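1. Next one to model:
(one chain, ligands or ions: 1)
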Amino acid sequence: MFEKSELAFKEAYRYIPGGVDSPVRAFSSVGGTPPFIDHGKGAYLYDIDGNRYIDYVQSWGPLIFGHCNEEIEKAVVEAVKKGLSFGAPTELETKLAKEIVTLFGSVDKVRFVNSGTEAVMSALRLARGYTGKNDIVKFAGCYHGHSDSLLVQAGSGAVTFGAPSSPGVPADLTKHTLLARYNDLESVEKCFRDSDDIACIIIEPIAGNMGLVPADEEFLQGLKALCEKHNALLIFDEVMSGFRATLTGAQGITEVVPDLVTFGKVIGGGMPVGAFGGRADIMAKLSPEGPVYQAGTLSGNPVAMAAGLASLKKLKSNPTLYVELGNRAKRLMKGFQAAANAEDIPFTTAVRGSMFGFFFNANPVKNFDDAQASDTEMFAKFHQGMLQRGIYLACSAYETGFISSAISDEMIEESIMAAYEVMREIRG
Ligand SMILES: *Cc1c(COP(=O)(O)O)cnc(C)c1O
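-> Okay, the predicted model is just below:
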């Protein structure tokens with residue numbers, strides 16, 4: 001069933017470390033061979049052995065309209081014909097920036113980069129440059145990309161591989177990263193007691209990299225109050241949740257207004273794009289307007305901007321989209337829960353818009369400690385069983401799943417039926 005993929009993986013292994021260009025893709029935590037993809041279409045992925053899967057990974061979030069959406073494809077092809085990159089300004093950048101500024105009350109200005117990692121790294125530098133302070137507060141289990149100062153207890157990839165921090169990151173850098181517990185305000189207050197040099201708190205307001213763990217509203221409000229009291233900035237990392245949980249990400253759910261926001265994934269419609277934005281007086285500190293340096297040869301790439309613009313246009317013209325996707329996500333999670341209950345398997349779920357998550361855990365999950373108390377062996381069995389039945393789920397117990405507009409109610413039903421079979425298999 002996976003013969004060609006097995007060969008392809010072996011061949012890749014000879015030339016690429018671990019055979020992959022991003023660690024979680026290697027299937028290390030669930031076992032087996034990662035299917036090598038030939039192509040995608042709508043809701044489906046097709047591997048090189050000819051297997052077809054309902055895709056709940058969506059390139060880890062970006063593809064909210066599924067694979068090969070016609071309008072996005074058309075916008076990309078048109079842009080390609082005009083040239084791949086200029087290293088000079090285009091109107092496309094302004095158009096996409098204007099869309100974001102119009103949508104997000106928290107964002108007056110925005111700068112484009114090439115990945116979420118880059119967006120967060122740059123936002124942190126800006127927060128430090130603006131406040132003149134050095135320390136940052138991050139939460140265990142939150143992932144903000146792989147830049148040095150953020151590779152401290154960083155969820156999914158890092159946890160999966162049992163290396164919460166990485167060799168190659170000097171302790172001199174991470175000593176400025178204070179670690180707090182998600183949904184635990186007291187742990188953040190302690191950080192402010194320990195340091196009077198805190199530039200910012202960075203948080204995934206809907207955590208998606210320790211499984212799906214939403215933040216409590218009072219918690220977010222508490223963070224905002226602490227930041228105001230101590231002249232620190234609040235950064236929402238909405239690389240995953242932006243344009244995913246709601247059109248305006250977590251900011252469509254919480255009343256709390258962050259000082260800076262980072263974007264990625266959906267904003268590029270499948271092309272490599274990241275962005276960070278925020279209050280005008282903070283963004284004015286950024287080079288060339290201000291002294292905080294940041295740059296990129298391919299930043300604001302016209303092809304990527306065109307894909308992002310086409311995606312945003314579709315998202316905005318579709319006011320009921322998030323409710324529909326959310327309903328499908330809820331139906332899927334309700335189905336998985338029922339399948340687990342039928343076999344007395346401990347299980348808990350969460351949904352935020354088109355994002356869904358589940359843990360093999362009897363208790364609700366509020367933070368990284370809770371998440372890590374889940375049964376990852378059961379997850380691995382579940383993942384394998386579902387894959388064999390044509391259901392493509394993220395290959396780690398600490399990831400979030402995504403519904404695309406191409407996924408139908410029938411596909412949800414098919415997935416739930418598969419879950420019943422697999423849960424029975426696990427129990428048996
Ligand atoms: C994926 C992700 C990143 C990193 O983005 P890359 O494009 O992979 O560099 C940062 N923050 C969050 C919340 C993410 O989900």
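2. Near the ligand, which residues of the protein? Just list them.
-> 115-117, 120, 143-145, 204, 208-209, 237, 239-240, 264, 274 (CB under 6 Å from any ligand atom). Where you see a C-beta, it was placed from the backbone N, CA and C, and this is true even at glycine.
3. Lowest-scoring secondary structure element of the chain by mean pLDDT?
-> helix 156-160 (a mean of 49; mean pLDDT, DSSP states H and E).
4. what's the next secondary structure element after that one?
-> helix 171-174 (DSSP states H and E).
5. buried set for that next one?
-> residue 174 (16 or more other CB atoms under 10 Å).
6. C-alpha coordinates for it, CSV please?
-> Extracted in CSV, the C-alpha atoms of helix 171-174 (Å, rounded to 0.1, in the frame of the first residue of the first chain):
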residue,chain,number,x,y,z
ALA,A,171,22.0,29.6,27.0
ASP,A,172,23.0,33.2,26.8
LEU,A,173,20.1,33.7,24.4
THR,A,174,17.4,31.7,26.1
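7. by contact count, what packs against the next helix or strand after it?
-> Going down the chain from helix 171-174, the next helix or strand is strand 177-180, by DSSP H and E. Judged by 3 or more CB pairs under 8 Å, 6 or more residues apart in numbering; DSSP states H and E, the packing partners of strand 177-180 are strand 135-139, helix 185-194.
8. circling back to that earlier point, name the nearest of the residues of the chain next to the ligand relative to the ligand.
-> When those are compared for distance to the ligand (CB to the nearest ligand atom), residue 116 wins out at 2.1 Å.
9. what's the neighbour count on the closest one?
-> Neighbour count of residue 116, defined by other CB atoms under 10 Å: 30.
10. What backbone torsions are found at the residue nearest to it when sequence neighbours are not counted?
-> Of all residues not flanking residue 116 in the chain, residue 264 sits nearest, at 3.2 Å (CB to CB, 6 or more residues apart in numbering). Main-chain dihedrals, residue 264, degrees, to the nearest 10: phi -180, psi -160.
11. my read: residue 264 touches residue 270, true?
-> No - between residue 264 and residue 270 there is no contact, the gap being 11.7 Å when judged by CB atoms under 8 Å.
12. which one of the two has more residues nearby?
-> Neighbours were counted for residue 264 and for residue 270 using other CB under 10 Å; residue 264 has more, 28 against 24.
13. hmm, back to that, would you turn the helices and strands packed on strand 177-180 into TSV with mean pLDDT?
-> TSV is the format used below for the helices and strands packed on strand 177-180 (pLDDT from 0 to 100):
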stretch	mean pLDDT
strand 135-139	94
helix 185-194	95
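14. and residue 340, which of those is closest to it?
-> strand 135-139 (27.7 Å; CB to CB).
15. Mind listing what's buried along stretch 73-85?
-> Buried, per 16+ other CB under 10 Å, within stretch 73-85: 75, 76, 79.
16. outside of it, which residues touch it?
-> 92, 271, 298, 301, 302, 303, 305, 306, 307, 309, 310 (CB atoms under 8 Å, 6 or more residues apart in numbering).
17. Tabulate the CA atom coordinates of that stretch in PDB.
-> Extracted in PDB, the C-alpha atoms of stretch 73-85 (Å, rounded to 0.1, in the frame of the first residue of the first chain):
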ATOM      1  CA  GLU A  73      -4.600  29.200  -8.800                       C
ATOM      2  CA  LYS A  74      -5.700  31.700 -11.400                       C
ATOM      3  CA  ALA A  75      -4.300  34.600  -9.400                       C
ATOM      4  CA  VAL A  76      -1.000  32.800  -8.900                       C
ATOM      5  CA  VAL A  77      -0.600  32.000 -12.600                       C
ATOM      6  CA  GLU A  78      -1.400  35.600 -13.600                       C
ATOM      7  CA  ALA A  79       1.200  36.900 -11.200                       C
ATOM      8  CA  VAL A  80       3.800  34.300 -12.400                       C
ATOM      9  CA  LYS A  81       3.400  35.500 -16.000                       C
ATOM     10  CA  LYS A  82       4.400  39.100 -14.900                       C
ATOM     11  CA  GLY A  83       7.600  37.900 -13.200                       C
ATOM     12  CA  LEU A  84       8.500  35.800 -10.100                       C
ATOM     13  CA  SER A  85      10.200  38.500  -8.100                       C
END
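18. In stretch 413-428, which residues are buried?
-> Buried-residue list, stretch 413-428, by 16+ other CB under 10 Å: 415, 416, 418, 419, 420, 422, 423, 426.
19. Domain parsing of the protein, as residue ranges.
-> What automatic domain parsing lists as the domains of the chain is 3-68+319-427, 70-316.
20. List the buried residues in stretch 313-330.
-> Neighbour-count burial for stretch 313-330, with 16+ other CB under 10 Å as criterion, is recorded at 314, 315, 321, 322, 325, 326, 328, 329.
21. now the first one, what's its secondary structure?
-> What that stands for is residue 314. Here residue 314 is helix, with the state taken from DSSP: H, G, I helix; E, B strand; the rest coil.
22. Do I have it right that it meets residue 63?
-> No - in this structure, residue 314 is not within contact of residue 63 by CB under 8 Å, at 12.0 Å.
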